[in-house]
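Visitor: When you get a sec, could you give me coordinates for this:
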Amino acid sequence: MLDAPFYAAVESRRTIRDFLPDPVPQEVLDRCLDAARLAPSSSNLQPWEFVIIRDPKARQLANAACLDQLPAKSAPVLLALVTHRDTWRRNRDEILRVFESRGPLRKSHASYYRKIIPLVYMTGPFGILGPLKRLFSRIASLFKPTPNLMSRTDVRVMAHKSTALAAATFMLAMRAEGFDTCPMEGFDPWRAKVLLDLPRGAEVNMFLAVGKRSKQGLWWDRVLMPRAWVVREV
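Guide: The predicted structure is shown next:
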């Protein structure tokens, strides 16, 4: 049986360009953030961080970093969704800690997180191991299916893909709560990084404007590419 509320949220979710000043209740925001934490991620390493921008001065600077776009300026809540490339060790250790707190650690868990994860994610000083790992993976794949033993760029792409899944989950949760969002990729990444005091291995994936849509908030009718362009079988 179809989950009608879910499909209603998917159908009614739109990118909103102008918001009412109505506040977003904290309990609603908390529920949607917790829903986003349930999003899938590569190896469950959850390389994301949601930064709620509340301080008025920081909000003004964030609006400017977002090129003073109307969604950023009009939304009662503005979040930065940050991708962390270098938190895999910390998060891996937390996963193992939780597993061990639940009982004896399975050999498969221990092997995967203590051996395979470092092999895949470690790129060495200045990323020097990355090209070597990619070359080894490519040669090995000529003989049998082989995963990409990632370079620093591959790790970055992986982290951004996982972060985008969290963003999508958050936006659908907000819509299920009756609120709207606008994901913004148009921003100054250097100013945003300084504003949020991000470490070297982190960068803003997107900004998210959150609130209730105004009458002028929906600028265009929805246009979908033909299904044959985006779905195929092999």
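
Visitor: What pLDDT is listed against Asp3?
Guide: If you check Asp3, the pLDDT there is 62.

Visitor: How about Phe187, nearest residue that isn't a chain neighbour?
Guide: Distances taken as CB to CB, 6 or more residues apart in numbering place Cys66 nearest to Phe187, at 4.7 Å, with adjacent residues excluded. Backbone N, C-alpha and C define where each C-beta goes, glycine included.

Visitor: need the contact list for that neighbour.
Guide: Residues in contact with Cys66 (CB atoms under 8 Å, 6 or more residues apart in numbering) are Ala72, Leu78, Met184, Gly186, Phe187, Phe207.

Visitor: Surely Arg213 touches Phe19?
Guide: Yes - with contacts counted by CB atoms under 8 Å, Arg213 reaches Phe19, the gap being 6.5 Å.

Visitor: Using the three-state scheme, assign Leu78.
Guide: Of the three states, Leu78 takes strand according to DSSP: H, G, I helix; E, B strand; the rest coil.

Visitor: who does the strand or helix carrying Val204 pair up with?
Guide: Assigned by DSSP states H and E, Val204 falls within strand 202-211. Strand pairing for strand 202-211, using DSSP bridges, gives strand 77-84 (antiparallel), strand 180-184 (antiparallel).

Visitor: pull the longest helix from the protein.
Guide: Scanning the chain for the longest helix, with DSSP state H as the assignment, gives helix 152-176.

Visitor: Can I get stretch 173-191 in PDB? Just the C-alpha atoms.
Guide: Taking Å, rounded to 0.1, in the frame of the first residue of the first chain, the C-alpha atoms of stretch 173-191 are listed here in PDB:
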ATOM      1  CA  ALA A 173      10.700  16.300   6.300                       C
ATOM      2  CA  MET A 174      10.200  20.000   6.400                       C
ATOM      3  CA  ARG A 175       7.500  19.700   3.700                       C
ATOM      4  CA  ALA A 176       5.800  16.900   5.600                       C
ATOM      5  CA  GLU A 177       5.700  19.400   8.500                       C
ATOM      6  CA  GLY A 178       4.000  22.000   6.300                       C
ATOM      7  CA  PHE A 179       7.100  24.100   5.700                       C
ATOM      8  CA  ASP A 180       9.200  24.900   2.700                       C
ATOM      9  CA  THR A 181      12.800  25.100   1.700                       C
ATOM     10  CA  CYS A 182      15.200  26.500  -0.900                       C
ATOM     11  CA  PRO A 183      18.500  24.800  -1.500                       C
ATOM     12  CA  MET A 184      21.100  27.300  -2.700                       C
ATOM     13  CA  GLU A 185      24.300  26.400  -4.500                       C
ATOM     14  CA  GLY A 186      24.900  30.000  -5.600                       C
ATOM     15  CA  PHE A 187      27.100  31.400  -2.800                       C
ATOM     16  CA  ASP A 188      30.700  32.600  -2.200                       C
ATOM     17  CA  PRO A 189      32.400  29.400  -0.800                       C
ATOM     18  CA  TRP A 190      35.500  31.300   0.500                       C
ATOM     19  CA  ARG A 191      33.400  33.800   2.500                       C
END
